[in-house]
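Student: Pasting a predicted model and its sequence here:
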Amino acid sequence: MNVVILAAGMGKRMQSALPKVLHPLAGKPLLSHVLDTARSLAASRLCVIYGHGGAAVLDMLAKQPEKVATALQEPQLGTGHAVMQALPELDDRAPTLILYGDVPLTTAASLQGLIDVAGQDKLGILTVVQDDPFGLGRIVRENGEIKRIVEQKDATEEERAIKEINSGIMVVPTARLKQWLGALKNNNAQGEYYLTDIVAMAVADGVPVVAAQPSAQWEVAGVNSKVQLAELERIHQGNIALKLLEQGVTLMDPARIDVRGELICGRDVVIDVGCVFEGKVELADGVQVGAHSVLVNARIEAGAQIKPFCHIEEAVVGPVSIIGPYARLRPGTVLAEDVHVGNFVEIKNGQVAAHSKANHLAYIGDATVGSRVNIGAGTITCNYDGANKFRTVIEDDAFIGSDSQLIAPVTVGKGATLGAGTTLSKDAPAGKLTISRARQLTIEEWTRPVKKPK
């Protein structure tokens, strides 16, 4: 199977310098959605036609896991002209599937249905019946057989009344496609080479023209404006939410969840409103995620509770741990079992062993924390000297008093205690109390200043 993806359009109505096909839907460029679907169909040859914003499109394609052939359409003279640019990349022995970089939600199942109907020798069109087909090409049939496609601007009043529309997605025998594209004319209202004109050519040549329909209209919906992009985003998120519900996930409001990547959930997972999941996120059995939390490339293990307004990125939260509210776990953070990270606590590249806790107002950066450690409010690890990062080690059963500063590299020994307000610049010995603070003084004859009268 050859696959050609048309992605050369400017997208003027997007009102953006970003090429239309690179606008994100569910955190991924529109074009990436189409590429992923094409690959799932085991495309042997894949070619993207680019034009406006070509450098940005090529940069995006260069980051794909598999190499993608490209062809430049310059100037843009219509859909037929766009497909012409791909002809050198196509294998005549296989049919060609034509997709669009701004139509992101067509499912592989619907495309496979079209491929099956078309076979090796028919021209297949993905069509859909719409109540309001304004602006779209109409499928003209005679005695039930497809005879041609007419564009809105070229249609008669009778043809405009037709509700079956052309999605633009086609499967065409490749040798025939090359023949028909060579015969295209641009004598139409737009002065463009319409790909749809090959349908009448197929009929004239006795090639059967067949149709298949997607499971829903949104599968063939394109994006031409930010309004349409927002509409498709909500449709897509609704589809994701429905799948999660069917898997047994509890969503407090299915209309208020955003999955911008892959969300893997175990049994009895509960997700409150307004949560955002980016990249690959794994929620094990019994995990609860509080409202308005953001999880990015994170793994949350069984029974853990993420309270509201937490931000967790490239981190692991151990079983039955409690995080938040208002906690931030930055990349490199790994928490073991039953770790408590409270409100306004930030951990970066820190490993915390089982049953330890930092319940409020602390920064733990580049640190290794043992088991059963208590980190008091206001504690920070001073891990950066302005040029280099250094590591802090806090061993098992240590107690760090409130408002302490641990100036790395430094080690707090097993069972050690730091008094509140300690600035630790040398290792604290195991099992001992270490205090670093000025002697408290009371000035007996001191009086508070008063404001002088003007």
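Tutor: Here it is on my side, so go on.
Student: residue contacts, the nearest residue to residue 17 once chain neighbours are set aside?
Tutor: Nearest-residue entry for residue 17: residue 53, 7.9 Å, with adjacent residues in sequence omitted and distances by CB to CB, 6 or more residues apart in numbering. Heads up, the C-betas are built off the backbone N, CA and C, glycines and all. Applying CB atoms under 8 Å, 6 or more residues apart in numbering to residue 53 gives the contacts 10, 17, 18, 19, 22.
Student: If we use 10 Å, what do you get?
Tutor: 7-11, 16-22, 59-60 (CB atoms under 10 Å, 6 or more residues apart in numbering).
Student: For ChimeraX, what selects the buried ones among the residues you listed?
Tutor: Written as a ChimeraX command, the selection of buried residues from those, which uses 16 or more other CB atoms under 10 Å, is:
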select :7,8,9,11,19,20,21,22,60
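Student: Which of the contacts of residue 53 fall within helices?
Tutor: Among these, the ones falling in helices (DSSP state H) are 59, 60.
Student: between the contacts of residue 53, which is nearest residue 163?
Tutor: Of all the contacts of residue 53, residue 9 has the smallest distance to residue 163: 25.5 Å, by CB to CB.
Student: related to what we said a few turns ago, dump the contacts of residue 53 to a markdown table, plus distance to residue 120.
Tutor: Listed next are those as a markdown table, based on distance: CB to CB, whole Å:
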| residue | distance to residue 120 |
| --- | --- |
| 7 | 27 |
| 8 | 28 |
| 9 | 30 |
| 10 | 36 |
| 11 | 35 |
| 16 | 41 |
| 17 | 43 |
| 18 | 39 |
| 19 | 34 |
| 20 | 33 |
| 21 | 30 |
| 22 | 34 |
| 59 | 36 |
| 60 | 33 |
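Student: how's this structure carved up into domains?
Tutor: According to automatic domain parsing, the chain comprises the domains 2-220, 241-434.
Student: looking at those, which one has the lowest mean pLDDT?
Tutor: Note on those: domain 2-220 shows the lowest mean pLDDT, a mean of 94.
Student: Tell me how far the residue nearest to residue 17 lies from residue 11.
Tutor: 9 Å (CB to CB, to the nearest Å).
Student: For these two, list the residues in contact with both.
Tutor: 18, 19, 20, 21, 22.
Student: out of these, what pair is the most spread apart?
Tutor: Farthest pair in the shared contacts of residue 53 and residue 11 (CB to CB) is 18 and 21. Separation: 9.3 Å.
Student: what is in contact with those two at once?
Tutor: Both residue 18 and residue 21 are in contact with 11, 29, 53, 56, where contact means CB under 10 Å, 6+ apart.
Student: Mind naming the longest helix for this protein?
Tutor: Under DSSP H, the chain gives helix 226-246 as its longest helix.
Student: Buried residues, it. List them.
Tutor: Buried residues in helix 226-246 (16+ other CB under 10 Å): 229, 232, 233, 235, 236, 237, 239, 240, 241, 244.
Student: what do you get for stretch 416-436?
Tutor: 416, 417, 418, 419, 421, 422, 424, 428, 434.
Student: Excluding chain neighbours, give the residue nearest to the fourth one in space.
Tutor: Leaving aside its sequence neighbours, residue 419 sits nearest to residue 435 (CB to CB, 6+ apart; 3.7 Å).
Student: In its sheet, which strands sit next to the following helix or strand past the longest helix of the chain, and in what direction?
Tutor: Once the chain leaves helix 226-246, the next helix or strand it forms, by DSSP states H and E, is strand 250-251. With DSSP bridges as the test, strand 250-251 is paired with strand 270-271 (parallel).
Student: and after the partner strand, which helix or strand comes next?
Tutor: Using DSSP H and E, the helix or strand that follows strand 270-271 towards the C-terminus is strand 275-283.
Student: And the next helix or strand after that next one, what does it pack against?
Tutor: For strand 275-283, the following helix or strand on the C-terminal side (DSSP H and E) is strand 288-289. Counting contacts by 3 or more CB pairs under 10 Å, 6 or more residues apart in numbering; DSSP states H and E, strand 288-289 packs against strand 270-271, strand 275-283, strand 305-306.
Student: between the ones you listed, which one is nearest to residue 298?
Tutor: Residue 298 sits nearest to strand 275-283 of all those, at 5.4 Å, using CB to CB.
Student: and the closest one with helix 226-246, angle?
Tutor: Orientation of strand 275-283 against helix 226-246 (axes from the mean of the first three to the mean of the last three CA atoms, to 10 degrees) gives an angle of 40 degrees.
Student: Residue numbering should commence at 13 henceforth.
Tutor: Noted, 13 is the first residue going forward, which turns the last one into strand 287-295.
Student: now strand 287-295, how far from the chain's geometric center?
Tutor: 9 Å (CA atoms, centre = their mean, to the nearest Å).
Student: What are the buried residues along it?
Tutor: 287, 288, 289, 290, 293, 294, 295.
Student: do stretch 78-89 as well
Tutor: By neighbour count on 16+ other CB under 10 Å, the buried set for stretch 78-89 is 80, 81, 82, 83, 85, 88, 89.
Student: how about the second one, what does it touch?
Tutor: Applying CB under 10 Å, 6+ apart, one finds that residue 81 lies in contact with 15, 16, 57, 58, 59, 60, 61, 73, 98, 100, 101, 102.
Student: Switch the helices and strands packed on strand 300-301 over to TSV; also include distance to residue 210.
Tutor: As requested, the helices and strands packed on strand 300-301 are exported to TSV (distance: least, CB to CB, whole Å):
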stretch	distance to residue 210
strand 282-283	48
strand 287-295	41
strand 317-318	54
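Student: To residue 216, which of those lies closest?
Tutor: Residue 216 lies closest to strand 287-295 among the helices and strands packed on strand 300-301, at 51.0 Å (CB to CB).
Student: related to what we said a few turns ago, among the contacts of residue 81, the buried ones, what's the PyMOL command?
Tutor: The PyMOL selection below is limited to those of the contacts of residue 81 classed as buried (16+ other CB under 10 Å):
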select buried, resi 15+16+57+58+59+60+61+73+98+101+102
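Student: Take the contacts of residue 81 and keep only those in strands.
Tutor: 15, 16, 57, 58, 59, 60, 61 (DSSP state E).
Student: May I ask which two of these are separated the most?
Tutor: Top of the distance list for those (CB to CB): 57 and 61, 13.4 Å.
Student: Now the common contact residues for the two.
Tutor: Joint contacts of residue 57 and residue 61 (CB under 10 Å, 6+ apart) are 16, 81, 98, 101.
Student: ok, of those, which one's closest to residue 361?
Tutor: Nearest member of these to residue 361, counting by CB to CB, is residue 81, at 40.9 Å.
Student: what bridges to residue 374?
Tutor: Counting by DSSP bridges, residue 374 is bridged to residue 357.
Student: quick one: it from residue 113, how far?
Tutor: From residue 374 to residue 113 the distance is 47 Å (CB to CB).
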